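**Student:** mind looking at a prediction? Sequence and model below.
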Amino acid sequence: MNSKERMARAMRHDMPDRVPLMCQLALGHYFLNTPLKPHAIWFTSEGFAEALVTLQRRYRFDGILINLPGRDPDWRASVADIAETPRGEAITWASGGQTLLPWDDNAQHFPANPARSRPSFEDFDPDRDFERVDSWPMYTWGVYHTPELAGKAPGLLREPPSYFTRTLDLVKAAVGDEVSIHGEVFSPFTHLMELFTYEDALAHLALEPDKAAAILDQLTEASIAWGVAQARWGVDAVLISSAYAGGGFISPRMYRRFVLPYEARLVDAVHSAVPGVPVYTHTCGRISDRLELIMETGTDGIDTLDPPPIGDTVLADAKARIGGRLFIKGNLNGVAMLQADGVEPVLEMARERLRDGMPGGGYILSTACSVPPRVQPEKLEALYPLVEAEGRY
């Protein structure tokens, strides 16, 4: 059974030969552990595809998550300068903005005019202002990780540029049908957080709930456009990144109103466009009080399941509550992996997850969230021999 078949069986609750292994790596981990420059990984389809495949092969993961869209091949035409600094690579854009790519962390963007980088919730008109959403570069940065998107119609993205699938093409050419390829799309709720500041958006969920709902209604179309495009391309699964929908941000009551109906539309759109493509949901932090609410979106699986103390999800409890209906991916504490003294403590943590997650199938061994940048590679390399030896059904 190859990796693609193994992952497909786990996501369908069919029994694979062993528990699949698939961790999401922080971008800083690619920066530190491949020979590519950070800007080549972050801003080029070719660089990111090479980094993804290089570390998938090194760690022998059964799947690859492509969590950045393909990049504009002419992006360098918008760049005035790229310089190496002690803090990382500094990109100066022709527009005057700057992007810092730390040597070990996600890129940080500083727009030329911070005062005009985002709208305010109070002044935003959902009937008019979506036609000029591109005039707020921090929204584009927040959900597509680039200051601007060439080749798209003005306003909210409803038809992805053709280059968005370029990284998918390159990864597919490298791994063929041997490895499970997953795409990612941000939740409408994440789009809301990134359109405004998190403080502004969260406050107005309470102050102007109807207006928040009207904005989410339109933002859902951008999520659907990119999620469906990836499903039609042929990804093996679509991940909904819904990082800010956990207990650290909103209550279960607010989740039901401002997350559930819009993610349900997104899930249904992907399922309707390409029946059989699994959709699963990534939510960080405390989610034990909303596992069943997440299930109500129609998602096929839940990713992350941060364990205590970084979250509150106990894998055995989650398995008992939702494991018969949703596949589960995650629950391995990446911070504890970083802090562990050597490989053996990591193996013990992973054995506990296999013990609680693998009975009956439907479990994928993974870190709860992204592997921190400075987790030592040998700790990740040790996971494959473990699942081969102790993750067999």
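**Tutor:** Sure thing, it's come through. Residues are numbered from 1 along each chain as shown.

**Student:** contacts, neighbours, all on C-alpha from now
**Tutor:** Will do.

**Student:** buried stuff in stretch 206-215?
**Tutor:** Lys211, Ala212, Ala213, Ile215 (16 or more other Cα atoms under 10 Å).

**Student:** what's in contact with that stretch?
**Tutor:** By Cα atoms under 8 Å, 6 or more residues apart in numbering, the residues outside stretch 206-215 that reach it are Pro126, Leu192, His204, Leu205, Phe258.

**Student:** one more: stretch 168-179?
**Tutor:** So stretch 168-179 is contacted by 2-5, 45-46, 49-50, 52-53, 62-64, 66, 70, 181 (Cα under 8 Å, 6+ apart).

**Student:** circling back: out of the buried residues of stretch 206-215, which are inside helices?
**Tutor:** Among the buried residues of stretch 206-215, the ones falling in helices (DSSP state H) are Lys211, Ala212, Ala213, Ile215.

**Student:** do you know how far the first one is from Glu381?
**Tutor:** Think Lys211. Using Cα to Cα, to the nearest Å, Lys211 is found at 48 Å from Glu381.

**Student:** same thing with Ile66?
**Tutor:** Taking Cα to Cα, one finds Ile66 at 20 Å from Glu381.

**Student:** quick one, which of the two is more surrounded?
**Tutor:** Between Ile66 and Glu381, Ile66 has the larger neighbour count (other Cα atoms under 10 Å), namely 22 against 16.

**Student:** Glu84 should be in a helix, yeah?
**Tutor:** No - counting by DSSP: H, G, I helix; E, B strand; the rest coil, Glu84 is not found in a helix; it is strand.

**Student:** any idea what His182 is bridged to?
**Tutor:** Beta bridges link His182 to Leu65, Ala237 when assigned by DSSP bridges.

**Student:** so who does it touch?
**Tutor:** Contacts for His182 (Cα under 8 Å, 6+ apart) come out as Gly63, Ile64, Leu65, Ile66, Val235, Asp236, Ala237, Val238, Leu239.

**Student:** please redo it, this time with the cut-off set to 10 Å
**Tutor:** Residues in contact with His182 (Cα atoms under 10 Å, 6 or more residues apart in numbering) are 63-67, 168, 230-231, 234-239, 278-279.

**Student:** surely Asn67 meets Gln24?
**Tutor:** Yes - Asn67 lies in contact with Gln24 (Cα atoms under 10 Å); the separation is 9.0 Å.

**Student:** with neighbour numbers in mind, choose between those two.
**Tutor:** Neighbour tally, Asn67 and Gln24, criterion other Cα under 10 Å: the higher count belongs to Gln24, 22 against 19.

**Student:** can you pull the phi and psi angles for the closest residue to the more buried one other than its chain neighbours?
**Tutor:** Leaving aside its sequence neighbours, Gln24 sits nearest to Ser370 (Cα to Cα, 6 or more residues apart in numbering; 4.9 Å). Dihedral angles of Ser370 (phi, psi; degrees, to the nearest 10) stand at phi -60, psi 150.

**Student:** do the one 5 residues further on as well
**Tutor:** Its backbone dihedrals place Val375 at phi -60, psi 130, with angles given as degrees, to the nearest 10.

**Student:** was I right to think it contacts Met337?
**Tutor:** Yes - at 6.8 Å, Val375 and Met337 qualify as touching, with contact defined as Cα under 10 Å.

**Student:** more neighbours, these two?
**Tutor:** Using other Cα under 10 Å, the more surrounded residue of Val375 and Met337 is Met337, with 24 against 19.

**Student:** and the next helix or strand past the helix or strand where that one lies?
**Tutor:** Using DSSP states H and E, Met337 falls within helix 334-339. For helix 334-339, the following helix or strand on the C-terminal side (DSSP H and E) is helix 344-357.

**Student:** which helices and strands sit right next to that next one?
**Tutor:** In this structure, helix 344-357 packs against helix 315-322, strand 327-330, helix 334-339, strand 363-364, helix 377-381, helix 383-390, with contacts taken as 3 or more Cα pairs under 10 Å, 6 or more residues apart in numbering; DSSP states H and E.

**Student:** identify each buried residue in it, please.
**Tutor:** Buried residues in helix 344-357, counted by 16+ other Cα under 10 Å: Val346, Leu347, Ala350, Arg351, Arg353, Leu354, Asp356, Gly357.

**Student:** now do the contacts for the fifth one.
**Tutor:** In this case it means Arg353. Shown in contact with Arg353 (Cα under 10 Å, 6+ apart): Val314, Leu315, Ala316, Gly330, Asn331, Leu332, Leu347, Tyr363, Ile364, Leu365, Ser366.

**Student:** pull out the buried members of those residues.
**Tutor:** Buried by 16+ other Cα under 10 Å: Val314, Leu315, Gly330, Asn331, Leu332, Leu347, Tyr363, Ile364, Leu365, Ser366, out of the contacts of Arg353.

**Student:** can you pull out the helices in the stretch 1-150 of the chain?
**Tutor:** Remark: helices assigned in the stretch 1-150 of the chain by DSSP state H, counting those that start in this stretch are 3-12, 27-33, 38-43, 45-59, 137-144.

**Student:** using CSV, write down the CA coordinates of the last one.
**Tutor:** Below are the C-alpha coordinates for helix 137-144, written out as CSV (Å, rounded to 0.1, in the frame of the first residue of the first chain):
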residue,chain,number,x,y,z
PRO,A,137,-2.9,45.1,1.2
MET,A,138,-2.9,43.6,4.7
TYR,A,139,-6.1,41.6,3.8
THR,A,140,-4.3,40.1,0.8
TRP,A,141,-1.2,39.5,2.8
GLY,A,142,-3.2,37.8,5.6
VAL,A,143,-5.0,35.3,3.4
TYR,A,144,-2.7,34.8,0.4
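
**Student:** how about it: buried residues?
**Tutor:** Of all the residues in helix 137-144, those buried under the rule 16+ other Cα under 10 Å are Pro137, Met138, Tyr139, Thr140, Trp141, Gly142, Val143, Tyr144.

**Student:** for the longest one, same thing?
**Tutor:** Buried positions in helix 45-59, judged by neighbour count with 16+ other Cα under 10 Å: 45-56, 59.

**Student:** all good on my end, thank you.
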